[in-house]
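Colleague: Generate a structure from the sequence data that follows.
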Amino acid sequence: MKERTSRLKAIKKLIKNNRIKSQEELLGLLTNEGYEVTQATLSRDLKLLKVGKVSDGHAGYVYTLPGEDDRGESEEILVQDFMRGYVSIEWNDSTVVIKTFSGQANSVANALDSLNLNEILGTVAGDNCIFASLRKNVTGEHFMKALKKHIPNLDD
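Modeller: Numbers count the residues shown, from 1 in each chain. This is a model prediction of the structure:
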């Protein structure tokens with residue numbers, strides 16, 4: 001099964017290039033692209049991508065992606081959530097440890113997950129600490145460089 005980031009990109013491409021009216025139709029297109037995905041996972045992906053439905057001008061509705069302005073605004077909110085909660089970031093060969101203020105780890109991890117950084121396999125959040133697993137051959141320095149593209153005023 002292809003990974004999540006790749007699947008999300010495929011979903012966006014399919015929605016941009018097709019008039020998709022239902023999740024079943026989108027599931028079929030994803031299957032044709034080589035993705036094995038359940039309806040529940042697809043539903044979560046659509047929510048994460050903030051996919052909506054608009055009138056097709058006839059008798060139905062089709063999926064649509066948020067506009068560029070909406071995406072920029074969404075990322076701005078994610079950056080604010082991250083900055084509001086994080087305290088420090090450290091790493092070793094394959095793991096990044098992000099310390100947060102008490103009770104902020106979930107919102108910081110959610111922001112990090114929603115930024116869809118290719119460098120991260122996944123995150124686990126506690127109360128005041130997040131563990132992020134890095135992909136093979138990704139260093140902490142690479143992770144920080146990618147994160148700073150989204151959050152330029154982030155301190156190491």
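
Colleague: Listing request: residues of the chain with sub-threshold pLDDT.
Modeller: 1-2, 56-59, 67-74, 156 (pLDDT under 70).

Colleague: For Ala111, give me its contacts.
Modeller: Leu78, Val79, Asp81, Phe82, Gly85 (C-beta atoms under 8 Å, 6 or more residues apart in numbering). Placement of C-beta: from N, CA and C, glycine included.

Colleague: surely Val79 meets His150?
Modeller: Yes: using C-beta atoms under 8 Å, Val79 is in contact with His150, at 6.3 Å.

Colleague: can you list residues touching both of those two?
Modeller: Applying C-beta under 8 Å, 6+ apart, one finds that no residue jointly contacts Val79 and His150.

Colleague: With only the CA atoms kept, save stretch 139-147 in CSV.
Modeller: Only the C-alpha atoms of stretch 139-147 are listed here, as CSV (Å, rounded to 0.1, in the frame of the first residue of the first chain):
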residue,chain,number,x,y,z
THR,A,139,18.2,13.6,9.7
GLY,A,140,17.1,16.0,12.4
GLU,A,141,18.7,18.8,10.5
HIS,A,142,16.7,17.9,7.4
PHE,A,143,13.5,17.8,9.5
MET,A,144,14.2,21.2,10.9
LYS,A,145,15.0,22.7,7.5
ALA,A,146,11.6,21.3,6.2
LEU,A,147,9.8,22.6,9.3
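
Colleague: rewinding a little: which PyMOL command selects the buried ones in the contacts of Ala111?
Modeller: Filtering the contacts of Ala111 down to the buried ones (16 or more other C-beta atoms under 10 Å) takes a single PyMOL command:
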select buried, resi 78+79+81+82+85
